[in-house]
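1. Sequence first, predicted coordinates after that:
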Amino acid sequence: MVSAVSHTSIDCRDAYTLAEWWKQVLGYVDVADDPNAPGHEECMIVAPDGSHHVLFIEVPEAKAVKNRIHFDLRPTDRTRDEEVVRLRGIGALELADRRTATGGWVVFADPEGNEFCVLRSQAELDA
């Protein structure tokens, strides 16, 4: 027997605000029968096809060190570089540019400092 991942949980200071920001990044939505609202200490978002859930949970302590787990994002309808521009525009903080002529990624932080990376799109990899 094995276990399946139910959802990904992210500790944060403001669950609603961070969930709303990540909805812009991922194109996720609120759970249909459990919408998020300001002041909620737990906010769940889900991929439109239901395949993945992310739960934001408020905790009293601030983020102190580098994440031990993070998202690697692959754009679905644009290039990596176009996605980098879009994410900067919605407030992602660029931490490191690891792009190369043949691949690489860009490291960002969300509004609460959680790191994530943006990779090349599948179309770019296929080309």
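-> Structure's in. What do you need?
2. Could you pull out the buried residues of stretch 37-53?
-> H40, C43, M44, I45, V46, H53 (16 or more other CB atoms under 10 Å). Quick note: C-beta positions are derived from backbone N, CA and C, even for glycine.
3. correction: stretch 93-107
-> Per 16+ other CB under 10 Å, stretch 93-107 contains these buried residues: R99, W105, V106.
4. Who are the contact partners of the first one?
-> Going by CB atoms under 8 Å, 6 or more residues apart in numbering, R99 touches R80, D81, W105, V106.
5. Tell me which two of these sit farthest apart.
-> Greatest spatial distance among the contacts of R99 (CB to CB): D81 and W105, at 11.2 Å.
6. got the domain boundaries for this protein?
-> The chain breaks down by automatic domain parsing into domains covering 1-62, 63-127.
7. As JSON lines, those with mean pLDDT would be great.
-> Listed next are those as JSON lines, based on pLDDT from 0 to 100:
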{"stretch": "domain 1-62", "mean pLDDT": "96"}
{"stretch": "domain 63-127", "mean pLDDT": "95"}
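8. show me where this protein has strands.
-> For the chain, applying DSSP state E gives strands covering 8-12, 29-30, 42-46, 53-58, 71-73, 93-97, 106-109, 115-118.
9. Redo these as JSON lines? Include distance to E20.
-> Shown next, in JSON lines, are those (distance: least, CB to CB, whole Å):
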{"stretch": "strand 8-12", "distance to E20": "12"}
{"stretch": "strand 29-30", "distance to E20": "10"}
{"stretch": "strand 42-46", "distance to E20": "8"}
{"stretch": "strand 53-58", "distance to E20": "10"}
{"stretch": "strand 71-73", "distance to E20": "17"}
{"stretch": "strand 93-97", "distance to E20": "17"}
{"stretch": "strand 106-109", "distance to E20": "17"}
{"stretch": "strand 115-118", "distance to E20": "16"}
